[in-house]
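Asks: Sharing a model prediction with you, sequence too.
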2 protein chains.
Amino acid sequence: MPAAIPEDSVGLVTPQCLQFDQPLPLSCGRSLDHWELMIETYGELNADASNAILICHALSGHHHAAGYHSMDERKPGWWDSAIGPGKAIDTNRFFVVSLNNLGGCHGSTGPNSNNPDTGKPYGPDFPIMTVQDWVHSQARLADRLGIQQWAAVVGGSLGGMQALQWSITYPDRLRHCVVIASAAKLSAQNIAFNEVARQAISKDPEFHDGHYYEHNIVPRTGLMLARMVGHITYLSDDGMRDKFGRELKDGKLSFDFNPQFEVESYLQYQGERFSSSFDANTYLLMTKALDYFDPAGEHGHNLADALAPATCNFLVVSFTTDWRFSPERSRELVDALVAARKPVSYAEIDAPQGHDAFLIPIPRYMEVFSGYMNRIADALPQSEGGAPNAR
Amino acid sequence: MPAAIPEDSVGLVTPQCLQFDQPLPLSCGRSLDHWELMIETYGELNADASNAILICHALSGHHHAAGYHSMDERKPGWWDSAIGPGKAIDTNRFFVVSLNNLGGCHGSTGPNSNNPDTGKPYGPDFPIMTVQDWVHSQARLADRLGIQQWAAVVGGSLGGMQALQWSITYPDRLRHCVVIASAAKLSAQNIAFNEVARQAISKDPEFHDGHYYEHNIVPRTGLMLARMVGHITYLSDDGMRDKFGRELKDGKLSFDFNPQFEVESYLQYQGERFSSSFDANTYLLMTKALDYFDPAGEHGHNLADALAPATCNFLVVSFTTDWRFSPERSRELVDALVAARKPVSYAEIDAPQGHDAFLIPIPRYMEVFSGYMNRIADALPQSEGGAPNAR
């Protein structure tokens, strides 16, 4: 809970739920006829709607990216470090839109929503979503908000995949694409970790083939294990050493099977907390969307060919110790963009925090990010929006 | 099943079970009064018992390191690539001893053995074992076999930790210590992966607090998940890409939650196979032994001080893509040995296979290993044993 809202915060924010009644055709062949998106916006849309930024979220993310829902909220939105007055995504200059993706569990239509055809939660019958599907739904959202062209689509991790897909699917609807700690496709190792998480959830006896809502229970153990595995891959080996070392919880070894090292207790706590707040079917769905993303797949595995339609500018950022989405994956993307003759800036940020670094206001990262975003803002019509604050 | 036993194999071998009736005091404060070790030996002990090599096994290993138990056996022992006539550990020159450690599940006394006090399996009441405890039990084994001093103690991974502990605890009982793909202690990340495996097992409803034997069931799901996580960490990201890429099982994506990529099916198969052959309590115990190993811990975290008692020669080997026991950990060990003024040879082998590389006959690895072992053999009394074969 903040004692007072910090000056560089977007302050108190209220989510909105938008309803859509035009069917949305999906990659799997099915469609959603009636669907809702939970969104938040920060800043003001300018007169010609040219200052809008779309934020795409990662596996466990949602619409609440910045500010506070109430004075009782313990922590601000998940990317508050980057979104706010004077921050990298400067809400004095930009109109920022953040949403919970379809299939999510934070208010947008997803597996825990009621299926209008049955009156019961979709559960495992909710269609599998792809990054492409999300981008189409986000285009409908842009239409609804009167945004013909985003100044930028921005995302980290799975969010970066959505930004990249935007540049291919709707090239004339964004001027800039910001892809942070992401990849043009998962590695076999990434898929393997996701599969462990899915097995942990789906083999939990309380999963009930995805119909756990009807049993009034959740597969907590499976979700906990999935989160523990995920969490390890978000941190670097060095980062974990710096954070936990081999510190013992009670100062000395005891010869039993209880957690004895700090890192064990930390992971258990994180896993248990997650298991009481996240929907298991959504977790399965999000990991599948990650696995399936592979825009080069339809172009003979030539990523440059897949990126040919893009007309926007690109910023790609990676972090040295990120082994889930390693700098090598970002360099592959940059190489493909260069081969496709697209304008791209690339920064590899020296950071010990692993994949999690993309959520942390590391000075050089924020300088690169702010610098890029400020150039976008400087190109906006000067008469519109608040006065640009000199940085 | 071999059509015929290969010429460089130790051939058909028969395990032996040795009984010990002198109590073995353990690190946890308890002791084992009656215990058994399942062992195999290859080659002939020479007249002055100077050509004996002890093989220490890793997490899921056992006594069956080389050769075949029968002509029906599908695969030879787990380190057959390194042990045999003319191989790195040349059984024409050495007498090789391999055992299943205490706490194991392949015939030595462990959680699935009957507790003589109760007449029921020990289960979770089996004492937690440490690397130090294993080394003490192996010293008793050496006594039994009439081996006052090992020509070398050799191990990979957790086996390398045992070799290292031998050099500290019984410095006058080995002339050489070979530590392969190992570390002087686990990192926080290693411990974290082990804790995921333990949680997966202990939260499986079929674990029954470790008393699953009495319920005539095994916690298969937990063991499967534990093995899947372990398996990912044994392979490198590059190795998985080379082995599986993003190949689809049925050639194309289908939009459901069944395994679709080759890597998913492979891991599930490996996990399921393991879950029907390995004891869950043993898995917990082995991972704890890994976590607890930290000889520097009792010496103000100064590894060179911990190694001060050692009088043997050392060979340390690491593999470039091993991220479970990375070359950095081996270099730390080498640096400490150098600081402690111990004779050490070090080879970092370029290999794409990750941690698993230590089980694979990679040419440069085998050259380094053979070269080192042949120098040991060359120093043995020439009148003893078989004629050294010229290599």
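Replies: In hand now; what should we look at? For clarity, every value in this text was computed on a predicted model and none was experimentally measured.

Asks: C-alpha from now on. contacts and neighbour counts both.
Replies: Fine.

Asks: buried residues in the lowest-mean-pLDDT helix or strand in chain A?
Replies: When the helices and strands of chain A are compared on mean pLDDT, DSSP states H and E, helix A:237-244 comes out lowest with a mean of 90. By neighbour count on 16 or more other CA atoms under 10 Å in any protein chain shown, the buried set for helix A:237-244 is A:237-241, A:244.

Asks: Distance to A:Ala139 added to the residues you listed, as CSV?
Replies: CSV is the format used below for the buried residues of helix A:237-244 (distance: CA to CA, whole Å):
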residue, distance to A:Ala139
A:Asp237, 39
A:Asp238, 40
A:Gly239, 38
A:Met240, 39
A:Arg241, 43
A:Phe244, 43
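
Asks: List, out of these, those positioned next to chain B.
Replies: Filtering those for proximity to chain B by CA under 8 Å from any CA of the partner chain leaves A:237, A:240-241, A:244.

Asks: Around chain B, which positions in chain A sit nearby?
Replies: A:28, A:128, A:187-189, A:191-193, A:195-196, A:199-200, A:203, A:221, A:225, A:228-229, A:232, A:236-237, A:240-241, A:244-246, A:253-257, A:259, A:263-264, A:267, A:284, A:288, A:292.

Asks: element containing A:Ala139, please.
Replies: Per DSSP states H and E, A:Ala139 falls inside helix A:131-145.

Asks: who does that helix touch, helix- and strand-wise?
Replies: Packing partners of helix A:131-145 (3 or more CA pairs under 8 Å, 6 or more residues apart in numbering or on different chains; DSSP states H and E): strand A:24-25, helix A:158-169.

Asks: Determine the set of other helices and strands touching the shortest one.
Replies: For strand A:24-25, the helices and strands in contact under the criterion 3+ CA pairs under 8 Å, 6+ apart are strand A:31-32, helix A:131-145.

Asks: so how far is the last one from its chain's centroid?
Replies: In other words, helix A:131-145. Relative to its chain's centre, helix A:131-145 lies at 15 Å (CA atoms, centre = their mean, to the nearest Å).

Asks: I'd like the next helix or strand past that helix.
Replies: Next helix or strand after helix A:131-145 toward the C-terminus (DSSP H and E): strand A:152-156.

Asks: what angle sits between that following strand and helix A:158-169?
Replies: Strand A:152-156 and helix A:158-169 are oriented at 140 degrees to each other (axes from the mean of the first three to the mean of the last three CA atoms, to 10 degrees).

Asks: partners of strand A:152-156 in the sheet?
Replies: Using DSSP bridges, strand A:152-156 pairs in its sheet with strand A:52-56 (parallel), strand A:176-180 (parallel).

Asks: of all those, which lies closest to A:Ala142?
Replies: Ranking the strands paired with strand A:152-156 by proximity to A:Ala142 (CA to CA) places strand A:52-56 first, at 8.9 Å.

Asks: Could I get the buried residue list for that closest one?
Replies: For strand A:52-56, by 16+ other CA under 10 Å, it's A:52-56.

Asks: any idea which of those is closest to chain B?
Replies: A:Cys56 (22.6 Å; CA to the nearest CA).

Asks: contacting residues for that closest one?
Replies: By CA atoms under 8 Å, 6 or more residues apart in numbering or on different chains, the contact list for A:Cys56 reads A:98-99, A:153-156, A:159-160, A:162-163.

Asks: and if you look at A:Met129?
Replies: A:26-28, A:102-103, A:285-286, A:288-289.

Asks: which stretch of helix or strand covers it?
Replies: Under DSSP H and E, no helix or strand contains A:Met129.

Asks: now do A:Arg273
Replies: Assigned by DSSP H and E, A:Arg273 falls in helix A:262-275.

Asks: Summarise which helices and strands that helix is packed against.
Replies: Helix A:262-275 packs on helix A:220-234, helix A:237-244, helix B:188-202, going by 3+ CA pairs under 8 Å, 6+ apart.

Asks: which residues are in contact with it?
Replies: Counting by CA under 8 Å, 6+ apart, residues outside helix A:262-275 touching it are A:219-221, A:223-228, A:231, A:240, A:244, A:246-249, A:259, B:188, B:191-192, B:195.

Asks: Helix or strand next in line after that helix, which one?
Replies: Taking DSSP H and E as the definition, the helix or strand right after helix A:262-275 is helix A:280-292.

Asks: CA atoms of that next one as CSV?
Replies: The C-alpha trace of helix A:280-292 is given here as CSV (Å, rounded to 0.1, in the frame of the first residue of the first chain):
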residue,chain,number,x,y,z
ALA,A,280,-4.9,-23.5,-14.4
ASN,A,281,-6.6,-23.6,-17.8
THR,A,282,-5.3,-20.2,-18.6
TYR,A,283,-1.8,-21.3,-17.7
LEU,A,284,-2.1,-24.2,-20.1
LEU,A,285,-3.4,-22.0,-22.9
MET,A,286,-0.7,-19.3,-22.5
THR,A,287,2.1,-21.9,-22.6
LYS,A,288,0.6,-23.4,-25.8
ALA,A,289,0.4,-19.9,-27.4
LEU,A,290,4.1,-19.5,-26.6
ASP,A,291,5.0,-22.9,-28.0
TYR,A,292,3.0,-22.4,-31.3
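
Asks: can you pull the buried residues of that helix?
Replies: A:280-292.

Asks: Let me have the residues you listed in JSON lines, extended by pLDDT.
Replies: Shown next, in JSON lines, are the buried residues of helix A:280-292 (pLDDT from 0 to 100):
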{"residue": "A:Ala280", "pLDDT": "97"}
{"residue": "A:Asn281", "pLDDT": "97"}
{"residue": "A:Thr282", "pLDDT": "98"}
{"residue": "A:Tyr283", "pLDDT": "97"}
{"residue": "A:Leu284", "pLDDT": "97"}
{"residue": "A:Leu285", "pLDDT": "97"}
{"residue": "A:Met286", "pLDDT": "97"}
{"residue": "A:Thr287", "pLDDT": "97"}
{"residue": "A:Lys288", "pLDDT": "96"}
{"residue": "A:Ala289", "pLDDT": "97"}
{"residue": "A:Leu290", "pLDDT": "97"}
{"residue": "A:Asp291", "pLDDT": "96"}
{"residue": "A:Tyr292", "pLDDT": "96"}
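
Asks: which among those gets closest to A:Gly107?
Replies: A:Thr282 (11.9 Å).

Asks: Could you name the residue of chain A that is farthest from its center?
Replies: A:Phe255 (41.1 Å; CA atoms, centre = their mean).

Asks: Surely that one and B:Asp125 touch.
Replies: No - taking contacts as CA atoms under 8 Å, A:Phe255 lies outside contact range of B:Asp125: 11.3 Å.

Asks: Which parts of the stretch 251-391 of chain A are helices?
Replies: Along the stretch 251-391 of chain A, counting by DSSP state H, counting those that start in this stretch, helices occupy A:262-275, A:280-292, A:303-306, A:327-339, A:363-378.

Asks: Who are the packing partners of the last one?
Replies: For helix A:363-378, the helices and strands in contact under the criterion 3+ CA pairs under 8 Å, 6+ apart are strand A:344-349.

Asks: what comes up buried for the strand it packs on?
Replies: For strand A:344-349, by 16+ other CA under 10 Å, it's A:344, A:346-349.

Asks: ditto for stretch A:208-220
Replies: Buried residues in stretch A:208-220 (16+ other CA under 10 Å): A:208, A:210-213, A:218-220.

Asks: Straight-line length of it, end to end?
Replies: Using CA to CA, to the nearest Å, the end-to-end distance of stretch A:208-220 comes out at 12 Å.

Asks: same check, this time on stretch A:321-333
Replies: Start-to-end, stretch A:321-333 (CA to CA) is 18 Å.

Asks: Give me the contact list for it.
Replies: With CA under 8 Å, 6+ apart, stretch A:321-333 has contacts from A:157, A:181-184, A:190, A:233-236, A:303, A:316-320, A:348, A:350-357.

Asks: Just the pLDDT for the closest residue to A:Ala3 other than its chain neighbours.
Replies: Spatial nearest neighbour of A:Ala3, chain neighbours left out: A:Met71 (7.8 Å); criterion: CA to CA, 6 or more residues apart in numbering or on different chains. We have a pLDDT of 91 for A:Met71.
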